[in-house]
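Q: Have a look; sequence and predicted model below, questions after that.
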Amino acid sequence: MRAVSDNAPLLHDLMPWSVAPLRIGRGWPVAPDAATLRARWALFTAAGEEEREALLHPSRARGLHSRVGQLPGHRTATTALAREEGPCPEPVPIAHGAYDRQWLIPDHRLVDAARPELWRVLDGHQVFAVEQAFVPEAEEPPVTFAALLPDGRSPAGRPGRIRPLFRQPGGRDPNLAPGLLEALSAAYGAGVSAYDVLAWVAAAGYAAPEGCRVPFAAGPEQWRAGVALGERLVWLHTRGARFADPAAGRDPGGPRLPGGSRPYVRAPLPAAPGPGELEYDPEQRELRIGAGRVSPVSPAAWQRTAGGVRVLEAWWERRTAPGPPGSLEALRPPPWTRSSTSELLETVSVLTLLAELDAERRELARRLTPQPGPGQGQEREQGRGGVGAAELRDTGVLPVPAARRRPASVLDHREEGPDGQFALV
């Protein structure tokens, strides 16, 4: 009798094309706000070549004289950084780790491994599933989701795998095993979309040493319930940018808690808080930042981790830790602003709402777990009455063709290469 872990398909097979995390190679092109990046760029381009060399933090992949092309969708210069005198490329927001947002200078000359194949499919239809590195005994979702370009790493720096939902811009060519949508539509008696599959992954996927596994529903009712749960999870992960549906209580934009549990600033926050000033009082359910107070903050929001690191502590450190003296990273964001407060409150709200869905995820997992047969003491095969890896192999959905693990070609897309040359990709 096959065990559940053998017959719950791997996400690696369901969404076969994946990309390694970004490797930036230096800290200063990333910051919590765009203004800081423009200031760092101005200092960099004002320096002479010798000082500029030291500020850059050269690597084997990037130096002052590296010749690289533009990032897809960004009209940045392609001359060597040694000769750069222009304004800062417009910073763009990225998803940092599971629950944070940072800003990045989208200049290929600054990023060791920018993963251009991801930038080519970044648009208003795309959703990125980031499969997290396996952390034993960590009660964390195995996959997080982003509408922004994700860096693909946990707050602790552990690399994940980035799996775009679509292989082509405009929501075309779903990154799914060929025939999967047809097999699921036949199993559940209704048309299944790529977005439905992504939502199901969010609700039902579980972590295993070999990667995220995704058991499928035994019937249409369970499938619909799991998809509805997953839609809300992805909506929260993407801060309302995907799966918005006001009729289902998922408004566009940053998710908000109901009035009675919505966090507020109860005592003014310090103008320039330091890295050691964030504390949590579980009895009062409040964050303490110096003399400032934010409440209510649920214990579940405070305890939530990503990669084994508390999310709120990592969020705080990212905004208050000093950079090395003499480096561009030493130029930090301005003292605490109203925007900083709004971002903190929204992050607390998202973590709280996600925690409220944990019980529903656990109940779905319980229902998807095979139970011992009467008097047999053995597990029933996952997929009995539903869909499993064995059924997908029988119908030819698995194994996945090798070509589906590679990025799609974009033959009509021109990108500027080094020194203004153009190439077709």
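A: The structure has been received and is ready for your questions. Numbering: from 1, shown residues only.
Q: As a check, name the ranges of all helices in the protein.
A: 4-7, 11-14, 34-46, 49-56, 116-119, 180-188, 194-204, 220-237, 299-303, 311-320, 338-356, 358-368, 389-394 (DSSP state H).
Q: Could you list the domains of this protein?
A: 4-252+398-424, 259-361 (automatic domain parsing).
Q: Look at Met1 and report its pLDDT.
A: Met1 is assigned 31 on the pLDDT scale.
Q: next one: the one 5 residues further on
A: If you check Asp6, the pLDDT there is 68.
Q: Please apply the same query to Val425.
A: The model's pLDDT for Val425 equals 51.
Q: Now for Thr347: which residues touch it?
A: By Cβ atoms under 8 Å, 6 or more residues apart in numbering, Thr347 lies in contact with 99-100, 311-312, 315. From N, CA and C alone the C-beta is placed, and that goes for glycine too.
Q: so of the helices of the chain, which one's packed in deepest?
A: Of these, the one with the most neighbours on average (mean count of other Cβ atoms under 10 Å) is helix 194-204, at a mean of 24.
Q: Could you pull up the residues touching Ala241?
A: 147-148, 252.
Q: Can I have the buried ones of those as a PyMOL selection?
A: Here is the PyMOL command that selects the buried residues among these (16 or more other Cβ atoms under 10 Å):
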select buried, resi 147+148
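Q: would you turn the contacts of Ala241 into CSV with distance to Arg285?
A: Shown next, in CSV, are the contacts of Ala241 (distance: Cβ to Cβ, whole Å):
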residue, distance to Arg285
Ala147, 30
Leu148, 30
Pro252, 29
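Q: Turn the contacts of Ala241 into CSV, columns for distance to Pro141 and pLDDT.
A: As requested, those are arranged in CSV below (distance: Cβ to Cβ, whole Å; pLDDT from 0 to 100):
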residue, distance to Pro141, pLDDT
Ala147, 17, 98
Leu148, 18, 98
Pro252, 23, 95
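Q: Relative to Pro333, which of the contacts of Ala241 is nearest.
A: Leu148 (18.7 Å; Cβ to Cβ).
Q: which residues touch Val311?
A: Counted by Cβ under 8 Å, 6+ apart, Val311 has contacts 97-100, 155, 304-305, 347, 351.
Q: So which of the residues you listed is the closest to Ser261?
A: Closest approach to Ser261 among the contacts of Val311 (Cβ to Cβ): Leu351, at 12.4 Å.
Q: where does that closest one land on pLDDT?
A: The score at Leu351 is 97. That number is its pLDDT.
Q: what about the residue nearest to it when sequence neighbours are not counted, distance to Leu71?
A: What sits nearest to Leu351 in space, not counting adjacent residues and going by Cβ to Cβ, 6 or more residues apart in numbering, is Ala301, at 3.9 Å. From Ala301 across to Leu71, the span is 35 Å (Cβ to Cβ, to the nearest Å).
Q: need the contact list for His96.
A: 30, 102, 151, 153, 318.
Q: From the chain's centroid, how far away is stretch 280-293?
A: Put simply, stretch 280-293 sits 28 Å off its chain's centre (Cα atoms, centre = their mean, to the nearest Å).
Q: Likewise for stretch 331-347?
A: 21 Å.
Q: ok, now stretch 62-81?
A: On Cα atoms, centre = their mean, the centre of stretch 62-81 falls 25 Å from that of its chain.
Q: what mean pLDDT does it have?
A: Stretch 62-81 shows a mean pLDDT of 93 in the predicted model.
Q: per-residue pLDDT, Gln382?
A: Gln382 is given a pLDDT of 40.
Q: and what of Arg318?
A: On pLDDT, Arg318 comes in at 92.
Q: Same question for the one 10 residues further on.
A: Per-residue pLDDT puts Leu328 at 97.
Q: how close does it get to Thr320?
A: Per Cβ to Cβ, Leu328 is found 17 Å from Thr320.
Q: How about Gly48?
A: 32 Å.
Q: do the same with Pro174
A: In terms of Cβ to Cβ, Pro174 sits 41 Å off from Thr320.
Q: which ones are touching the residue nearest to Ile105 when sequence neighbours are not counted?
A: Excluding its sequence neighbours, the residue lying closest to Ile105 (Cβ to Cβ, 6+ apart) is Pro29, at 4.3 Å. Residues near Pro29 by Cβ under 8 Å, 6+ apart: 37, 40, 104-105, 107, 110-111.
Q: hmm, try it at 7 Å
A: The neighbours of Pro29, taking Cβ atoms under 7 Å, 6 or more residues apart in numbering as the test, are 37, 104-105, 110-111.
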